[in-house]
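Here's a sequence, model it:
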Amino acid sequence: MAMKACHWAVFGDRLLRSSQDKDLVTSTTLRSVLSEVYNLDKATGSKAPSPAVVGVLRKAVSRRTESATEFTRCSRPDLAEKESREAEIIAAFLPPLLSETEVNCALEEAVGECVTDGVNPRQVLGRILKAFYSKVDKSIVDSGFVKRRAEALVNAHRP
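This is a model prediction of the structure:
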């Protein structure tokens, strides 16, 4: 598992402490995430890189958040609370996302590096995103926001 060693040490300590304290929700949640990371390691044939592990964690948080919303909608606050708690537990191990300002600055830089004259807008978008992600780790940005912002920049730079 290729997450920063200090994060995995904290992860392992938290898992051990939750097991010792008989905190079933935390230990089950952390074991579930650990299982997903091990499956990723097996699928890649080696230790998964840190961005991929962070992606697994973000997806786990997203799934649980969506489930909590759905349980709330179906009048199951008990299950919604459980899912929300699990999402909070996992989110504690995620690195913070870049701010919108930092993303905008990096995108503006990427736009400045790309040739945009006489090129199909979709190709321009691809070039901008490629330049952006060559400098910024995908695991520390909201990819949906990056894409929307890049599309806005492409439309703004059109003649």
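
quick one: Ala52 and Leu40 touch, right?
Yes: counting by CB atoms under 8 Å, Leu40 is a contact partner of Ala52 at 6.1 Å. The C-beta positions use only the backbone N, C-alpha and C, and glycine is treated the same way.

Tell me the helix or strand right after the one helix or strand in the chain whose mean pLDDT sits lowest.
Lowest by mean pLDDT, DSSP states H and E among the helices and strands of the chain is helix 5-20, with a mean of 72. Where DSSP states H and E defines the elements, the next helix or strand beyond helix 5-20 is helix 24-44.

helices or strands up against that following helix?
Applying 3 or more CB pairs under 8 Å, 6 or more residues apart in numbering; DSSP states H and E, we find helix 24-44 packed against helix 5-20, helix 50-73, helix 77-91.

Which one of those helices lies nearest to Ala131?
Of all these, helix 50-73 sits nearest to Ala131, with 17.4 Å by CB to CB.

which residue packs closest to Ala48, ignoring adjacent ones?
Leu40 (4.5 Å; CB to CB, 6 or more residues apart in numbering).

hang on, that neighbour packs against Leu57?
No: contact criterion CB under 8 Å: Leu40 and Leu57 do not qualify, at 10.7 Å.
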